[in-house]
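Undergrad: Below: sequence and its predicted model.
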Amino acid sequence: MNSLGEALRGAVDLLFSGDTTLGGIVALSLAVSLSAVALATLLGLPLGAAIAVGRFRGRRALIVLLNALMGLPPVVVGLLVYLLLSRAGPLGDLGLLFTPPAMVIAQTVLVLPIIAALCRQSVEDAWIEYEEQLRSLGAAGVRAALTLIWDIRFSLVTAVLAGLGRALAEVGAVIIVGGNIDGVTRVMTTTIALETSKGDLPLALSLGFILIALVIMLNAAAHLIKEAAQRRYG
Amino acid sequence: MASAHGILPLKLNDLRFDAGGRTIIHGISAQITAGPATIILGANGAGKSVLMRLMHGLLRPTSGSIDWHGQAEPRVRRGQSMVFQRPVMLRRSALDNILYALKLARVPAAERKGIAMEALREVGIADIAHRSARVLSGGEQQRLALARAWALHPEVLFLDEPTANLDPGATREIENVIKAFDASGTKIVMSTHNLGQARRLGDEVLFIHQGRLAEQTPIETFFRQPASAEAAAFVKGELPWV
Amino acid sequence: MGMILRVALALLVSASVHAQPKFITVASTTSTEQSGLFKHLLPAFEKKTGIQVRVVALGTGQSLDMGKRGDADVVFVHAKQLEEKFVAEGYGVKRFEVMYNDFVLVGPKTDPAKVGGGKDIVAALQKIKAVQAPFASRGDKSGTHFAELQLWKAAGIDIAKDKGPWYRDTGSGMGPTLNTAAGMNAYALTDRGTWLSFKNRADLVISVEGDQRLFNQYGVILVNPAKHAHIKKEMGQAFVDWVISSEGQAAIAEYKIDGKQLFFPNAKN
């Protein structure tokens, strides 16, 4: 138990040390994961909403598939994206492997099903309330889906946060497509993995606490925004 | 008012609707003309709501046809509005809710605000135009729903038990707005439980009993001398819940 | 929609390409990276040439695979037979020896196999198998793993057939394998560099060292530009040349942990 206490103190020391390497690692983690979540939100919200209000053959199978993809193992995603971006692969000429954009791509693939599936569920629940009125006014299909997304935007924050949590926490995808290159593609989770494998467990744990603190802060901020908005808009 | 391009009269031909293995509407034929405010009466579960949704196009009949004076979509949709028992508003201001409906109806952008404000004034909630719609009271939201329908200037206004969830004060306010709609020439088709309300607002009655049209009569005749035994029982308050 | 995707992808690519200085990708092993050698070595090279060296540290097997795919410009690993095969199959231009260090056998202080202080690795392995003392293996096609397999062979043991529950195949890098060994009080074969910088030793100590058969040679190879046109051959060659030059070799010799030299330069000039 005193290794926990040591790690906590280590985390605080690290935070206030102004270590630029650590700063760079945290900044890169945020940049990669926030970009991936932004992309996944842009693609995933309309996708989820369209499935929610649409009626087409194979819809149920698609919903089951989407829900299942929420559990995509990060390491498998990493491997697939690696094979895609490798020089020997179809998109090799883009030269994206071992760069932050590759990490963003891998995390987007990982997070997209989460955001789409949770959005689908929320929109479908809202559709029960809104469907008749919207159809009566002449909104259907895409129009209705987009109106609903905007109207339930605050409860979609939960879906986006779930995606962000997943992105910040995963290591399997970014370590394969990023290569954990010092100063280029090293993020918090890959650094924790590296320090653990080097046997420096207190340092790894300290970094872990910093990561957890970061995630808690992001969640708290989102929660406050959500509450304020609910009070204003009902 | 009926006109060459109007969507009235509405002719229902042998309309039938099945769902969940049951027949809910059994071959209803009727004609709904411009002019008289039509009240759809019936016990709970008789099929009033389903019938209204069939007419408005929210449900598709299993068999039979719905003929709006030979007109086609989108003219048919544009000519109708519906107000539901529970108003459904978007998370925006009262004014913005009406603007949304006007946008969907492709009303030119420059005209929208004027039309919306006029509608809000008509129902008496212009002073809360900028309040968030979903935090308004039940009565205010229902008036907003009416304003939204008003702004679209429909030929036919469907109302599905619009005051069922409101207190007597709010109910009176809504009834006044409906009367104003009626006076301005909009055809009213309304379902209600409230026999007093039916008498106050209606000119004719379509009485639905267990999915069938039992009778279509002028309002006073219906209450004094209903043609069908079921209607007589209903009026006497003896109709069992289906 | 397709247009938007293409524009977005082009922006992504230009952002990733133009934002970067000139650099090469070197596929190396976890032992060179985690021992801290590259952190010491690369700044000198970068200062001299302005070329940033991006090291992707995997096992030898994975590094050579990267070379075959053209995902790295240079490979820097320690498995002579595999390296020579790599060049023979046309994936690499030429193999140069760079430096060596040695492997050591670490084990629990309690030394159940009674091999501590010995200088004969083959005899030690035979004793470990005889008493079925726990042994943690890399099992990940790394240079270290290969070396371990050769040693079992030299001891006359067919480890694939004769292993029992005492032989723990971790399938992971040197660090994690040492973590496992420390946690289970097991013996393990490790390169000295990783051992010297490993901080989670628990009750492990060096049991056997100094055997000639524990010699661990590192080689550097430029990936063949004939197989992959985009290989940065001038910059890659500059790195290879520098690492075997007297300057690079001196930098390697300079690297010490707690006063102990980790790698011994032996390029043939």
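TA: Structure's in. What do you need?
Undergrad: Contacts only, for the closest residue to B:S132 other than its chain neighbours.
TA: Take B:S132 and drop its neighbours on the chain: the residue closest to it by Cβ to Cβ, 6 or more residues apart in numbering or on different chains is A:Y233, 4.9 Å away. All C-beta atoms are positioned from the backbone trio N, CA, C, and that covers glycine. Counting by Cβ atoms under 8 Å, 6 or more residues apart in numbering or on different chains, A:Y233 touches A:F154, B:R91, B:R92, B:S132, B:R134, B:V135.
Undergrad: Next: C:K163.
TA: By Cβ under 8 Å, 6+ apart, the neighbours of C:K163 are C:D169.
Undergrad: Now do the phi/psi pair for it.
TA: phi -70, psi 150 (degrees, to the nearest 10).
Undergrad: returning to that earlier point: Provide a PyMOL selection command restricted to the buried entries of the contacts of A:Y233.
TA: Buried residues among those (16 or more other Cβ atoms under 10 Å in any protein chain shown), as a PyMOL selection:
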select buried, (chain A and resi 154) or (chain B and resi 91+92+132+134)
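Undergrad: As JSON lines, the contacts of A:Y233 with pLDDT would be great.
TA: Output for the contacts of A:Y233, formatted as JSON lines (pLDDT from 0 to 100):
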{"residue": "A:F154", "pLDDT": "87"}
{"residue": "B:R91", "pLDDT": "93"}
{"residue": "B:R92", "pLDDT": "93"}
{"residue": "B:S132", "pLDDT": "93"}
{"residue": "B:R134", "pLDDT": "93"}
{"residue": "B:V135", "pLDDT": "92"}
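Undergrad: Quick check, B:L206 in contact with B:P218.
TA: No: with contact defined as Cβ atoms under 8 Å, B:L206 does not reach B:P218; the gap is 11.5 Å.
Undergrad: helices and strands around the helix or strand of chain B with the lowest mean pLDDT, which ones?
TA: When each helix and strand of chain B is scored by mean pLDDT, DSSP states H and E, helix B:229-235 comes last, with a mean of 85. Counting contacts by 3 or more Cβ pairs under 8 Å, 6 or more residues apart in numbering or on different chains; DSSP states H and E, helix B:229-235 packs against strand B:204-209, strand B:212-218, helix B:219-224.
Undergrad: Now name the helix or strand holding the residue nearest the centre of chain B.
TA: Nearest to the geometric centre of chain B sits B:F158, at 1.8 Å (Cα atoms, centre = their mean). Element membership of B:F158 [criterion: DSSP states H and E] is strand B:156-160.
Undergrad: do that strand and chain A meet at all?
TA: No: using Cβ under 8 Å from any Cβ of the partner chain, strand B:156-160 stays clear of chain A, with a minimum separation of 8.5 Å.
Undergrad: Direction included, what does that strand pair against?
TA: Within its sheet, and counting by DSSP bridges, strand B:156-160 is paired with strand B:80-83 (parallel), strand B:187-191 (parallel).
Undergrad: For it, C-alpha coordinates in PDB please.
TA: What follows is strand B:156-160, C-alpha atoms only, in PDB (Å, rounded to 0.1, in the frame of the first residue of the first chain):
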ATOM      1  CA  VAL B 156     -57.900  21.200 -41.800                       C
ATOM      2  CA  LEU B 157     -56.900  21.200 -38.200                       C
ATOM      3  CA  PHE B 158     -56.900  17.800 -36.400                       C
ATOM      4  CA  LEU B 159     -57.000  17.900 -32.600                       C
ATOM      5  CA  ASP B 160     -56.600  14.600 -30.600                       C
END
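Undergrad: Contacts for that strand, please.
TA: For strand B:156-160, contacts defined as Cβ under 8 Å, 6+ apart pick out B:7-8, B:10, B:48-49, B:52, B:55-56, B:79-85, B:149, B:178, B:181, B:186-191.
Undergrad: how many degrees apart are the helix or strand just after that strand and strand B:156-160 in direction?
TA: Following strand B:156-160 in sequence order, the next helix or strand is helix B:168-183 (DSSP H and E). Computed by axes from the mean of the first three to the mean of the last three Cα atoms, to 10 degrees, the angle separating helix B:168-183 from strand B:156-160 equals 160 degrees.
Undergrad: I'd like the average pLDDT over helix B:168-183.
TA: The average pLDDT within helix B:168-183 is 93.
Undergrad: Check stretch B:36-45 too.
TA: Averaged across stretch B:36-45, pLDDT comes to 92.
Undergrad: May I see the buried residues of it?
TA: Per 16+ other Cβ under 10 Å, stretch B:36-45 contains these buried residues: B:P36, B:A37, B:T38, B:I39, B:I40, B:L41, B:G42, B:A43.
Undergrad: Quick check: end-to-end length of that stretch?
TA: 25 Å (Cα to Cα, to the nearest Å).
Undergrad: Next: stretch A:92-100.
TA: Start-to-end, stretch A:92-100 (Cα to Cα) is 15 Å.
Undergrad: rewinding a little: CA atoms of the least confident helix or strand of chain B as CSV?
TA: Extracted C-alpha coordinates of helix B:229-235, given in CSV (Å, rounded to 0.1, in the frame of the first residue of the first chain):
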residue,chain,number,x,y,z
ALA,B,229,-78.4,2.3,-29.5
GLU,B,230,-74.6,2.5,-28.8
ALA,B,231,-74.7,6.3,-29.1
ALA,B,232,-77.7,6.4,-26.8
ALA,B,233,-75.9,4.4,-24.2
PHE,B,234,-72.8,6.5,-24.6
VAL,B,235,-74.7,9.7,-24.0
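Undergrad: got a list of contacts for that helix?
TA: B:L41, B:G42, B:A43, B:L195, B:F207, B:H209, B:A214, B:E215, B:F222, B:F223, B:P226, B:L239.
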